[in-house]
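Enquirer: kindly generate the corresponding structure for this input.
(one chain, ligands or ions: 2)
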Amino acid sequence: MTSTKEETFFIIKPDAIEKGYVGEILSIAEKHGLHIKALKVVPPSTELLSLHYFELIKKPFFNEVLAHMTRTSLVVGVFEGENAVSKWRTLLGHTDPSKAEAGTIRAKYGDAEKFENAAHGSASIEEAKREIALWFPSSSDMINIANYVGPN
Ligand code: UDP
Ligand code: MG
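Expert: Ligands and ions are numbered 1, 2, ... in the order given. Have a look, this model is predicted:
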């Protein structure tokens, strides 16, 4: 069978950090077979976020996105697993927390009124590669697990 093991990039956003959901969100990923390949705290950086969200720069809500995303340092990382990109996006739910499917991370931890949606996930394998290279330029920051077993 063809292996569909992929890497995806994630951010735990300031709203979720402020509410104390970092561990819970990482735990949901781990319970679904996504293991943490990289993890770090990055100080607020308009420059990095503008590169990360370059497609949004001309959108009317971009300044709000920047204000939200620079409120605290960010927890950023890489998950690895089978179909990691689509799996993580499914666990996140819809971009708009008011439309996020019940039980998803953005429905549970997001704030629909403020359009703050708790966490980011790459939308495609190509986007994941670009984002991982942007946030983790050194491959020595990655954990290589030779024999991933998963939680019991
Ligand atoms: N966003 C927003 N208003 C919108 C659309 C997006 O504030 O109408 C923010 C939101 O935080 C979202 C981010 O911009 O997560 C990136 O938008 P994208 O369309 O890439 O959604 P995502 O890939 O995060 O689901
Ligand atoms: Mg996106």
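
Enquirer: and the residue of this protein closest to ligand 1?
Expert: Residue nearest to ligand 1 within the chain: Thr95 (3.3 Å; CB to the nearest ligand atom). In short, each C-beta sits where N, CA and C put it, glycine included.

Enquirer: run through the residues that contact Val69.
Expert: Just so we're on the same page, residue 69 is Met rather than Val. Met69 makes contacts with Ile11, Lys13, Pro14, Pro44, Leu49, as judged by CB atoms under 8 Å, 6 or more residues apart in numbering.

Enquirer: from these, which is closest to Ala102?
Expert: Proximity of those to Ala102 was ranked by CB to CB; the top entry is Lys13 with 20.3 Å.

Enquirer: ok, back up a step: select only the buried ones of the contacts of Met69 in PyMOL?
Expert: Buried members of those, defined by 16 or more other CB atoms under 10 Å, are picked up in PyMOL with:
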select buried, resi 11+13+14+49
